[in-house]
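*Asks:* what's the 3D shape of this:
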Amino acid sequence: MPLSCAKSFHLAINGTELVIGEVTDIMVDQQAVRKDGYIDIESLETITLSGLDSYHTSQRLARLAYAKPQKPLSNLSLDGEEDEI
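*Replies:* Okay, the predicted model is just below:
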């Protein structure tokens, strides 16, 4: 199973369950996997879902390096190479 239940919490405030899942497997066209492991979902022409009935396409705004104190912000190429902004 590519998804497992990591934890579940009963929310007394509204009688619902908060379920936290763990993704254990991803099946993706290998052409979308960049050399640093980044999955270029735009190249797969994926769609996303929000709520119950709203569908969207994705548009990458940027890839950014992990934020670190005392380090300037930097862009990443699709292959993960840094370029200081």
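
*Asks:* isn't Asn47 up against Tyr55?
*Replies:* Heads up, residue 47 is Ile, not Asn. Yes - assessed by Cβ atoms under 8 Å, Ile47 is found in contact with Tyr55 at 5.3 Å. In this view, the C-beta of every residue, glycine as well, is placed from N, C-alpha and C.

*Asks:* what's the overlap in contacts for these two?
*Replies:* Common neighbours of Ile47 and Tyr55 are not found (criterion: Cβ atoms under 8 Å, 6 or more residues apart in numbering).

*Asks:* which parts of the protein are strands?
*Replies:* Assigned by DSSP state E, the strands in the chain fall at 3-11, 16-23, 47-50, 54-57, 74-76, 82-84.

*Asks:* for the fourth one, packing partners?
*Replies:* Okay, so that is strand 54-57. Packing partners of strand 54-57 (3 or more Cβ pairs under 8 Å, 6 or more residues apart in numbering; DSSP states H and E): strand 47-50.

*Asks:* dump the strand it packs on to PDB, restricted to CA.
*Replies:* Output of strand 47-50 as PDB, limited to C-alpha atoms (Å, rounded to 0.1, in the frame of the first residue of the first chain):
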ATOM      1  CA  ILE A  47      -4.100  18.300 -11.700                       C
ATOM      2  CA  THR A  48      -4.800  19.000  -8.100                       C
ATOM      3  CA  LEU A  49      -7.900  18.900  -6.000                       C
ATOM      4  CA  SER A  50      -9.000  21.300  -3.300                       C
END
